[in-house]
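>>> Got a predicted structure plus its sequence, pasted below:
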Amino acid sequence: MNGLPPGSVIGILGGGQLGRMTALAAYPLGYQVHIFSPEEGPATQVTPLRTLAQYEDEDALARFADSVHAVTYEFENVPSATAEFLAARVPVRPGPNALAICQHRVREKQFLNDAGVGTTRWGAALSAADVARWVSEFGAPCVLKTSRFGYDGKGQTIVRSVDDAARAWTVVSHGRDGVECIVEAFVDFSMEASVVVARGVRGDVASFDLVENIHRDHILNRTIAPARVTEDVAAQADAIAHTVINALDYVGVLGIEMFVGRDGRVLVNELAPRPHNSGHWTQNGCVTSQFEQTVRAVMGLPLGSPRRLADAEMFNLIGDDVLRVPELLTDPNNHVHLYGKAEWRPGRKMGHVNRLRF
Ligand code: AMP
């Protein structure tokens with residue numbers, strides 16, 4: 001199979017920066033891009049083909065499905081019913097099953113453990129009493145998170161003791177019983193790290209180097225590629241990436257967030273069924289970027305080489321960091337990527353810089 005021919009249309013659900021950068025990587029391969037999004041955004045700026053509609057709008061989805069040759073998504077909170085509706089009409093990659101696992105923390109942890117992949121100890125919680133029970137079992141502190149719709153540290157809090165369970169539950173569930181949550185034993189990690197890995201339609205797998213992630217205010221601030229770890233840690237992470245992407249029977253690019261424990265053991269924190277912020281360095285640091293890899297996988301082409309050409313540091317331009325761009329451009333090893341957002345606001349991701357180190 002040679003993949004979809006040039007001129008074919010890749011459909012992307014979501015209008016944010018990941019969709020924009022995937023779109024920009026589709027053009028050199030001769031593809032057109034159709035964005036489906038509830039509103040204008042960074043991705044709708046780079047293609048004339050767009051559908052502005054809600055994800056529940058079946059008429060709009062049916063028209064979209066008829067006008068594209070394969071569909072992917074650029075964020076994981078697309079309703080699973082939307083992915084299933086489209087998958088009945090056109091190839092959706094990664095498939096609705098992988099999406100359903102990755103958008104629900106309890107399902108995700110269960111899937112990982114069933115595949116033999118280590119995570120921190122965890123338990124599902126539907127009430128403050130459940131939280132208290134798990135905290136007494138695991139020992140404090142623990143992290144309480146909503147199972148769905150959490151990102152960048154939103155929808156989670158630390159539980160400092162069994163007595164703190166009621167407060168933590170109120171914060172995360174807004175006081176409603178029955179909200180699906182997860183309690184995780186707190187990981188005493190030496191590093192947060194991630195692997196971005198791709199799998200093609202024929203089951204071929206290509207993983208980028210393990211990278212090191214530094215967060216500020218729960219938002220990814222800096223990625224250092226490659227991660228400063230032992231060969232053993234890098235090998236564990238790579239083996240995990242292969243195991244997870246094969247077990248999901250996945251087609252596309254997957255971000256796997258990990259903790260490196262003080263004992264040198266690698267645990268998986270969460271999965272992102274799309275290109276990942278920690279993979280942006282590949283745009284300038286690798287033979288193939290994570291965005292080109294996404295397009296190749298989704299359109300049925302052979303995967304490109306994930307080989308690192310240079311060490312790199314990626315840092316996000318958050319809020320008024322964007323005002324530093326003129327100065328950042330004076331460093332010849334910096335590559336600036338802006339997302340076309342008109343106004344900066346505190347905490348808003350405006351762009352990123354890939355700084356190569358030779
Ligand atoms: P998440 O939304 O799961 O990616 O969590 C956001 C951040 O919270 C992570 O990048 C970690 O810094 C921290 N965190 C999440 N879960 C744990 C945990 N079980 N133990 C320690 N830190 C955690």
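Structure's in. What do you need?
>>> List the contacts of the helix or strand where A235 lies.
Using DSSP states H and E, A235 sits in helix 231-247. Identification of contacts with helix 231-247 by CB atoms under 8 Å, 6 or more residues apart in numbering yields 111-112, 115-117, 193, 195, 197-199, 203, 205, 207, 209-210, 226-227, 229, 254, 256, 258, 260, 264-266, 268, 271. Yep, even glycine has a C-beta here, placed from its N, CA and C like the rest.
>>> who in the protein is up against the ligand?
Contact residues (CB under 6 Å from any ligand atom) of the chain with the ligand: 120, 143, 150, 153, 184, 186-187, 192, 215, 218, 257, 269-270.
>>> Show me those that map onto helices.
Of those, none are assigned to helices by DSSP state H.
>>> hang on, the earlier thing: quick check: ChimeraX command selecting the buried ones in the contacts of helix 231-247.
Under the burial definition 16 or more other CB atoms under 10 Å, those of the contacts of helix 231-247 that qualify are selected in ChimeraX by:
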select :111,112,117,193,195,197,198,199,207,209,210,226,227,229,254,256,258,260,266,268,271
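>>> Identify those among the contacts of helix 231-247 that sit within strands.
The strands, defined by DSSP state E, take in 193, 195, 197-199, 205, 207, 254, 256, 258, 260, 266, 268, 271 from those.
>>> Now render the residues you listed as TSV, adding pLDDT.
Formatted as TSV, those follow (pLDDT from 0 to 100):
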residue	pLDDT
A193	98
V195	98
V197	98
A198	98
R199	98
V205	98
S207	98
L254	98
I256	98
M258	98
V260	98
V266	98
V268	98
L271	97
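>>> What strands line up against whatever helix or strand N354 lives in, and which way round?
Element membership of N354 [criterion: DSSP H and E] is strand 349-357. Using DSSP bridges, the strands paired with strand 349-357 are strand 311-318 (antiparallel), strand 334-338 (antiparallel).
>>> Distance-wise, check R107 relative to V295.
As judged by CB to CB, to the nearest Å, R107 and V295 stand 28 Å apart.
>>> got it, and D320?
D320 sits at a distance of 33 Å from V295 (criterion: CB to CB).
>>> So between these two, which is more surrounded?
V295 (30 against 12; other CB atoms under 10 Å).
>>> so what's the nearest residue to that one once chain neighbours are set aside up against?
Using CB to CB, 6 or more residues apart in numbering and skipping the chain neighbours, the partner closest in space to V295 is A26 (4.7 Å). Each residue near A26 by CB under 8 Å, 6+ apart is listed here: I10, Q32, V33, V295, M299.
>>> rerun at 10 Å
Listed by CB atoms under 10 Å, 6 or more residues apart in numbering, the contact partners of A26 are 8-10, 12, 32-33, 46-47, 291-292, 294-296, 298-299.
>>> now do G203
By CB under 10 Å, 6+ apart, the contact set of G203 is I245, N246, D249, Y250, V251.
>>> do you know how far it is from H280?
Distance, G203 to H280, by CB to CB: 26 Å.
>>> And A198, by the same measure?
To H280, A198 is 15 Å away according to CB to CB.
>>> mind listing what the residue nearest to A23 when sequence neighbours are not counted touches?
Nearest in space to A23, with sequence neighbours left out and distances taken as CB to CB, 6+ apart, is V33 at 4.1 Å. Counting by CB under 10 Å, 6+ apart, V33 touches 9-12, 19-20, 22-27, 43-44, 46-50, 68, 295.
>>> what are the ranges of the strands in the stretch 51-200 of the chain?
Assigned by DSSP state E, counting those that start in this stretch, the strands in the stretch 51-200 of the chain fall at 70-73, 122-125, 142-146, 156-159, 181-185, 189-199.
>>> from those, which stretch is densest packed?
strand 70-73 (a mean of 26; mean count of other CB atoms under 10 Å).
>>> and it, what does it pack onto?
Packing contacts for strand 70-73, counted by 3 or more CB pairs under 10 Å, 6 or more residues apart in numbering; DSSP states H and E, involve strand 9-13, helix 17-26, strand 32-37, helix 58-67, helix 80-87, strand 252-261, helix 290-298.
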